[in-house]
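**Student:** One predicted model, sequence on top.
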Amino acid sequence: MVVATAAGCAAHFSAADQPRTLHIYTVVDSISTTVAPADRPGVVGRLIGMCDADTYYVTYGDNAECVVLNGSLGDVDVTDGLTIEPSGAAKITDLVRRDDLAQGDREKSTRVVLEDNAGPVAIVSLSDLRNGRAVVATKLD
């Protein structure tokens, strides 16, 4: 982080302030699983892999899950850390709607995971994206 001070005013600039592009994946809820607190892995468990080969172990808040992802459906820009602007929210909603239709509407997607090139970084509920306002995605631990 860089801190600049001029005439008694401080301004903070960090990499989180820069827009970045993340990849959009839907969570396949029917085959994703919640991990009970007693079953959560330690450091060794995370290194050897908590979930199957086609799932990701993600934690956020008090939640831990092995999520199965579908996609990438496309990319979205986020700003101020993990803020999805209204146009980005509309884009995600449209991409997910199209993908649900292409899959025969068997299972409506309810959440998306946003990834950078290193892996999952955030999760957001589709219902939060439909309000026409900017949304802050939940950072994955």
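**Tutor:** Nice, thanks for sending it over.
**Student:** so how far is the lengthiest strand in the chain from its chain's centroid?
**Tutor:** Assignment by DSSP state E gives strand 63-78 as the longest strand of the chain. Centroid separation between strand 63-78 and its chain, computed with Cα atoms, centre = their mean, to the nearest Å, is 6 Å.
**Student:** Which other helices and strands does it contact?
**Tutor:** Helices and strands touching strand 63-78, by 3 or more Cβ pairs under 8 Å, 6 or more residues apart in numbering; DSSP states H and E, are strand 20-27, strand 33-34, strand 55-60, helix 86-102, strand 111-116, strand 119-125. The C-beta positions use only the backbone N, C-alpha and C, and glycine is treated the same way.
**Student:** which residues are contacting stretch 21-31?
**Tutor:** Residues from elsewhere that reach stretch 21-31 (Cβ atoms under 8 Å, 6 or more residues apart in numbering): 67-78, 92, 95-96, 99, 107, 109-116, 120-123.
**Student:** give me the low-pLDDT residue ranges for this protein?
**Tutor:** When residues are selected by pLDDT under 70, those of the chain lie in 1-17, 41-50.
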